[in-house]
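Engineer: Make a model of this:
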Amino acid sequence: DGLYHPILAQGVPVRGEDGEISGWAGINLDISRLKQTEEALREADRRKDEFLATLAHELRNPLAPIRHAARLLESQAADAQQQGWAREVITRQVQRMALLLDDLLDVSRITRGRLDLKIDVVKLESLVGTAVETARPLIDAKQQHLAIHLPEQPLALSVDPLRLSQSLSNLLTNAAKYTDVGGRIDLTVSLSPLEIIFSVTDTGVGLESDAIAGLFEMFSQGHTVIDRAEGGLGIGLALVKGLITLHGGTVQASSSGVGQGSEFRICLPRSMVVDQVAEVPVAGGLERAASGPRNLVLVADDNQDAVQSMALVLEIDGYEVLVAHSGEDAFRMAQVQRPHAAILDIGMPDMTGYELARRLRSEPWGQSLLLIAITGWGQQEDKE
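Structural biologist: As a prediction, the model looks like this:
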C-alpha cells in the first residue's frame with residue numbers, strides 16, 4: 001500500500017552439501033495491528049493516569065474550602081455573618097462534588113448500556129432556560145456575554161428533558177470554562193428539514209485540529225487544565241455524546257484553530273419536534289415532599305459522623321430520632337420504641353441492612369414500617 005509497516009522477521013539459512021548458504025527460509029510477518037493495539041493500550045493507560053490525577057485534584061479542590069468553613073463554624077470568634085458564609089461554602093462545594101460523582105455514574109451507566117431515557121414533551125424555551133440556569137453562575141462570574149437565539153415559532157420536543165438540558169448545560173459550561181473574562185458565548189437553536197440543531201459557539205481558546213477527533217472519548221482533555229481552575233475530569237463531552245446518541249442524534253465539534261474559539265453542535269432528528277406543547281416542567285431541583293405528621297425515626301449506621309449529622313437534620317425538621325451504630329443495637333431499640341420509619345445503612349459490619357430489614361419486617365409491628373436504605377453504592381443494579 002506504499003506505507004511503512006512494522007515487520008516481525010524470522011529466517012533460517014538453507015545450505016547445500018558443501019555447507020554454503022544457497023537461500024533462506026523464513027517469514028516476514030506484518031504486525032501493524034499488534035503495534036496499533038499496543039499504542040492504543042499505552043494511550044489508554046496514559047489517559048487513565050491523567051484522569052486519576054485530575055479526579056484527585058477535582059475532589060481535593062472542594063475539600064479544602066469545606067475544611068476551612070468547618071473550622072470557622074467551630075470558632076467562637078466567628079460572627080453570624082461569617083458562620084452564614086461558611087454554611088454557604090459547605091453547601092456549594094458539596095453540591096459540586098455530588099455533580100462530579102453523578103457524571104461519573106452516568107458515564108458508567110451509558111457505557112454499560114444501563115441508562116434509560118425518560119421521554120416526555122417539553123417546551124424548547126423551558127429546556128434551554130434550565131440549561132442556561134445551570135451554567136449561568138460561571139458565565140456571570142467571568143463577566144461573559146451569553147446570547148440566545150431561538151426559532152420564532154414556539155416549539156416542543158419529545159425528549160428526555162433532564163438529559164437533554166444536562167447535555168446543553170455541559171456544552172455551555174465548557175464554553176465558559178475555556179473562554180476568558182469578558183468573552184462571548186452564543187447558543188443558537190435552528191431547524192433544518194431533517195434535524196433540529198443546538199449550536200454553542202464561543203470566543204475562547206479554540207482547538208487544535210488533531211485534538212477534535214478524541215474530544216468525545218472518555219477522559220479526554222482537549223486543553224491543558226493546570227492553568228484553568230474549572231478544568232474538569234474530561235468526561236463531560238463523553239457524557240454528552242452518550243446521552244445524545246441515546247436520543248438518536250450526533251454531536252460535532254469544530255474550531256478554526258487555537259485562539260479562534262470553538263463550536264459544538266447537537267443534532268437531533270426532526271421527528272423529535274412535536275406539534276402539541278404539553279405543560280411539562282423540566283426536571284430541576286428536588287421538591288420537598290409533604291412531611292405529614294411528625295414521627296419517630298430510627299437511624300442506623302456504623303459511621304458515627306454520618307448517623308449523627310442525619311439525626312441532627314431530622315431533629316431540626318421536627319422528627320424524634322433514635323440513633324444506633326450497629327444492626328443489633330438498632331433492632332433492640334426498634335423492639336422497645338416501635339419507630340414509624342427506619343433509615344438503615346446497608347453495609348454495617350455485625351448485621352447488614354438487608355438482614356436488619358428482614359428482622360424488622362418479621363415483627364408484627366414492623367409490617368407497615370417505612371424502610372429507607374442508605375449506601376455509598378449508587379449503580380442501578382445496587383438500587384434494584
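Engineer: pretty sure residue 255 contacts residue 262?
Structural biologist: Yes - when contacts are counted by CB atoms under 8 Å, residue 255 is listed as touching residue 262 (4.4 Å). All C-beta atoms are positioned from the backbone trio N, CA, C, and that covers glycine.
Engineer: Now list whatever residues contact both of these two.
Structural biologist: Common neighbours of residue 255 and residue 262 (criterion: CB atoms under 8 Å, 6 or more residues apart in numbering): 206-207.
Engineer: Would you map the strands across this structure?
Structural biologist: With DSSP state E, the ranges of strands along the chain come out as 7-15, 21-30, 120-123, 145-149, 156-159, 184-191, 195-202, 250-254, 262-269, 273-274, 296-300, 320-324, 341-345, 370-374.
Engineer: Turn those into TSV, columns for mean pLDDT, distance to residue 55 and mean neighbour count.
Structural biologist: Rendered in TSV, the data for the strands of the chain read as follows (pLDDT from 0 to 100; distance: least, CB to CB, whole Å; neighbours: other CB atoms under 10 Å):
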stretch	mean pLDDT	distance to residue 55	mean neighbour count
strand 7-15	94	38	10
strand 21-30	94	39	10
strand 120-123	92	33	20
strand 145-149	95	29	13
strand 156-159	94	30	21
strand 184-191	95	27	17
strand 195-202	96	25	21
strand 250-254	93	23	16
strand 262-269	95	23	20
strand 273-274	91	39	16
strand 296-300	94	30	23
strand 320-324	93	33	19
strand 341-345	94	25	23
strand 370-374	93	24	14
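Engineer: For residue 182, see how far away residue 258 is.
Structural biologist: 19 Å (CB to CB, to the nearest Å).
Engineer: whoops, I mixed them up, residue 309
Structural biologist: 41 Å.
Engineer: of those two, who's got more company?
Structural biologist: Shown here are residue 309 and residue 182; by other CB atoms under 10 Å, residue 309 has more neighbours (13 against 10).
Engineer: Could you report the distance from that one to residue 370?
Structural biologist: Residue 309 sits 21 Å away from residue 370, taking CB to CB as the criterion.
Engineer: Kindly report the same for residue 327.
Structural biologist: For residue 327 relative to residue 370 (CB to CB), the value is 18 Å.
Engineer: Same question for residue 39.
Structural biologist: Applying CB to CB to residue 39 and residue 370 gives a distance of 55 Å.
Engineer: Next, the angle strand 7-15 makes with the longest helix seen in the chain.
Structural biologist: Counting by DSSP state H, the longest helix found in the chain is helix 32-74. Interaxial angle of helix 32-74 relative to strand 7-15 (axes from the mean of the first three to the mean of the last three CA atoms, to 10 degrees): 150 degrees.
Engineer: Let me see the contact set for the nearest residue to residue 261 once chain neighbours are set aside.
Structural biologist: Excluding its sequence neighbours, the residue lying closest to residue 261 (CB to CB, 6 or more residues apart in numbering) is residue 203, at 4.7 Å. Counting by CB under 8 Å, 6+ apart, residue 203 touches 179, 183-185, 261.
Engineer: Over to residue 14?
Structural biologist: Residue 14 sits next to 21-25 when contact means CB under 8 Å, 6+ apart.
Engineer: And residue 95, how far from residue 34?
Structural biologist: Between residue 95 and residue 34 the distance is 47 Å, computed by CB to CB.
Engineer: what does residue 142 give?
Structural biologist: Distance, residue 142 to residue 34, using CB to CB: 47 Å.
Engineer: Compare the two and say which one has the larger neighbour count.
Structural biologist: The residue with more neighbours, out of residue 142 and residue 34, is residue 142; 16 against 12, by other CB under 10 Å.
Engineer: looking at it, that one is touching residue 176, isn't it?
Structural biologist: Yes - using CB under 8 Å, residue 142 is in contact with residue 176, at 6.1 Å.
Engineer: How far does stretch 355-373 stretch from one end to the other?
Structural biologist: The straight-line separation of the ends of stretch 355-373 (CA to CA, to the nearest Å) is 12 Å.
Engineer: typo on my end, stretch 146-159
Structural biologist: Start-to-end span of stretch 146-159 (CA to CA) is 25 Å.
Engineer: which outside residues touch it?
Structural biologist: Counting by CB under 8 Å, 6+ apart, 117, 119-125, 127-128, 132, 136, 139, 164, 172, 184-191, 196, 247, 268, 272-278 sit against stretch 146-159.
Engineer: gap between that stretch and the chain center?
Structural biologist: Mean-position distance between stretch 146-159 and its chain equals 25 Å (CA atoms, centre = their mean, to the nearest Å).
Engineer: shaky segments in the protein?
Structural biologist: In the predicted model of the chain, residues 53-54, 57-58, 114, 218-234, 275-294, 378-381 satisfy pLDDT under 70.
Engineer: how about a cut-off of 50?
Structural biologist: Along the chain, segments meeting pLDDT under 50 span 223-229, 277-293.
Engineer: quick one: the helices in the stretch 101-250 of the chain?
Structural biologist: Remark: helices assigned in the stretch 101-250 of the chain by DSSP state H, counting those that start in this stretch are 124-141, 161-177, 209-212, 236-246.
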